[in-house]
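Engineer: Sequence and predicted structure, then a few things I'm wondering about:
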Amino acid sequence: MEYFINCNSSTLAPYTDPLDEIRAAHLYRRLGFSASVQTINAAVGQSADALVDSLVDQALATPPIPAPEWADWTDANYPEDDDLARQVRRAQLEEFTIAYGNALLNNNLLDRLSFFWSNHFVTELDVYNCNSFLYHYFNCLQRNALGNFKTFVSEIGLTSAMLYYLDGVRNRGNNPNENYARELYELFTLGEGNGYTEEDIIETSKSLSGYTNRGEEGCTQVTFNPEDFNTDNKTILGQTGNWGYDDTIDILFNERPNEIAGFICKKLYEFFVHPDSADTPENMGNATTIIDGLAQTFVANNFEIAPVLRQLFKSQHFFDDNAIGVIIKSPFDLYFGLLKETGFAYDDSTVVNMVDASAMIGQELFDPFDVAGWQRDREWINTNFIIGRWLTSEVFLERFYQANPEQFRDFALSLTGNDGLTSNNPDIIARPIIDKLLPKGLLTDGEYEKAYVAFRSDVDETYYEGGATPSWTLALWPTAPSQVYLLLRHLSREPEFQLK
């Protein structure tokens, strides 16, 4: 697949034109996992200013997933029999997978962001292997997803999931473990080599000591143990004192605000706008200027995340033609986007199956690849993964069709309006379906023609417009649901279908 060069030269000035269908769909594809025909239609004609404010406010007001009954279980709550305990843990994990999968589908920006942050403040369930740790970690992600980034950094570092994953539970004052201190700077706040030294890491590890496990490691929430805290003076980012955890976070944000803001806004830009944020002779855009502007907003608002997102999502830069359809869908985008855009009926088993399919093609829920997370974009496409994307998309489409063929007709009718009732021209019917599912449609007339052929299926041409007895319509023809199904199967293998 051709890699898109970032030629977006638009600015952060507000986008003031009423939203058209392409830009409304673009907004929902980036802020969530896309949206239904009805939601997109309702957005058309609105201002970006009003709609973005509404979506951000909605995200801020959405509560996190309610605590399951096992949220604070320890090993003592599980059956003594190992096999029974494993069964209980598997059932709990499936329960939470369903709850979070539905949150991703239903909560738009909130859980688009909580998912983004899970790939920033990375932990891996396979490492800490405790469902209660998993719940509290994701609760922290949801509560802070659009909140204050300094608070977020402070809270996520004290989740038991993070303390176990990056060895905080082994960070004792007389024998400091540097793992979390390193990632705090390198991956979570500043970026590799940006404004800190190896000595800062060593000293910071001492200030973060004391949050250690007691006795045997297991599924017990970590608390502070003053006996394991290093009470020596530490010099961190030029500041000397007997610093502890809260002091370290204060020093970091006081001494390196611009570095933090630039690093985080660059990640937000690459996730929401374009994967390439570098200004080069080939990239004729101004991504660096945009990131600098967002970083200024971030600092000016004391590291509140929501004002940065409001500015970005309302901007001419975000809605520029060069920002549309230039990010390769993640596996979750691929499946959840198809589900949201078609409006096909689904249940909890569908959610679980889509989560499992995502793992097969490189995106395992709760278990990013490593501490640096999934690298995204071009990494989602290789020989094995692209074939897997095609085949699994076809499997889900077939399941939807077997469950209820008529929902394919209904989906097409929602896009074609009166044409679905009266038009005998299949190309007129197929075109809005194609353009709904692809960010900018197909690139050439020849590709549209191939899609039209797939849609016409084996219906005799005499029944179409121009034929001897033109009686075919989407609304009434018996095989119309199958035709829509075949068109969607065809589109699922097109390069444009892999983009958002």
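Structural biologist: That came through, no problem. Residues are numbered from 1 along each chain as shown.
Engineer: Only C-alpha atoms from now on, for both contacts and neighbour counts.
Structural biologist: OK.
Engineer: hang on, Ala71 packs against Tyr137?
Structural biologist: No: at 10.7 Å, Ala71 does not count as touching Tyr137 under the criterion of Cα atoms under 8 Å.
Engineer: More neighbours: which of the two?
Structural biologist: The neighbour comparison of Ala71 against Tyr137 (other Cα atoms under 10 Å) goes to Tyr137, with 22 against 15.
Engineer: Could you give the number of residues near Ser34?
Structural biologist: 26.
Engineer: pretty sure it is touching Gly337, no?
Structural biologist: Yes: if you go by Cα under 8 Å, Ser34 and Gly337 touch, sitting 5.3 Å apart.
Engineer: where does this structure have low pLDDT?
Structural biologist: 1-3, 214-217 (pLDDT under 70).
Engineer: so what secondary structure elements neighbour the helix ranked longest in it?
Structural biologist: Determined from DSSP state H, the single longest helix within the chain is helix 82-106. On a contact count with 3 or more Cα pairs under 8 Å, 6 or more residues apart in numbering; DSSP states H and E, helix 82-106 meets helix 109-118, helix 131-144, helix 348-360.
Engineer: Touching it from outside, list them.
Structural biologist: 32-33, 65, 70, 78-79, 111-112, 131, 135, 336, 340, 348, 351-352, 355 (Cα atoms under 8 Å, 6 or more residues apart in numbering).
Engineer: Among these, find me the one that's closest to Thr204.
Structural biologist: Each of the contacts of helix 82-106 was checked against Thr204 using Cα to Cα; the closest is Tyr135, at 27.6 Å.
Engineer: Surely that closest one and Trp73 touch.
Structural biologist: No: applying Cα under 8 Å as the test, Tyr135 and Trp73 come out as separate, 10.7 Å apart.
Engineer: Just want to check the distance between Gly101 and His136.
Structural biologist: Relative to His136, Gly101 is positioned 16 Å away (criterion: Cα to Cα, to the nearest Å).
Engineer: now Phe400
Structural biologist: The value you get for Phe400 to His136, if Cα to Cα is used, is 34 Å.
Engineer: tell me the contacts of Asp292?
Structural biologist: Asp292 touches Gly262, counting by Cα under 8 Å, 6+ apart.
Engineer: Shouldn't it be within a strand?
Structural biologist: No: read with DSSP: H, G, I helix; E, B strand; the rest coil, Asp292 is helix and lies in no strand.
Engineer: Am I right that Asp247 sits in a helix?
Structural biologist: Yes: according to three-state DSSP, Asp247 belongs to a helix.
Engineer: ok, it to Tyr463 distance?
Structural biologist: 76 Å.
Engineer: swap in Asp57?
Structural biologist: Going from Asp57 to Tyr463 by Cα to Cα gives 51 Å.
Engineer: Over to Pro79?
Structural biologist: 66 Å.
Engineer: Of those two, which one has the most company?
Structural biologist: More crowded of Pro79 and Tyr463, by other Cα under 10 Å: Tyr463, with 17 against 13.
Engineer: show me the residues around that one that make contact.
Structural biologist: 424, 469-472.
Engineer: Could you dump those residues into TSV with secondary structure, distance to Glu304 and neighbour count added?
Structural biologist: Conversion of those to TSV gives the following (DSSP: H, G, I helix; E, B strand; the rest coil; distance: Cα to Cα, whole Å; neighbours: other Cα atoms under 10 Å):
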residue	secondary structure	distance to Glu304	neighbour count
Asn424	coil	54	20
Thr469	coil	64	11
Pro470	coil	60	15
Ser471	coil	59	16
Trp472	coil	56	25
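Engineer: out of these, who's nearest Leu190?
Structural biologist: Using Cα to Cα, these come closest to Leu190 at Asn424, 59.8 Å.
Engineer: With adjacent residues omitted, what lies nearest to that closest one?
Structural biologist: Glu465 (4.8 Å; Cα to Cα, 6 or more residues apart in numbering).
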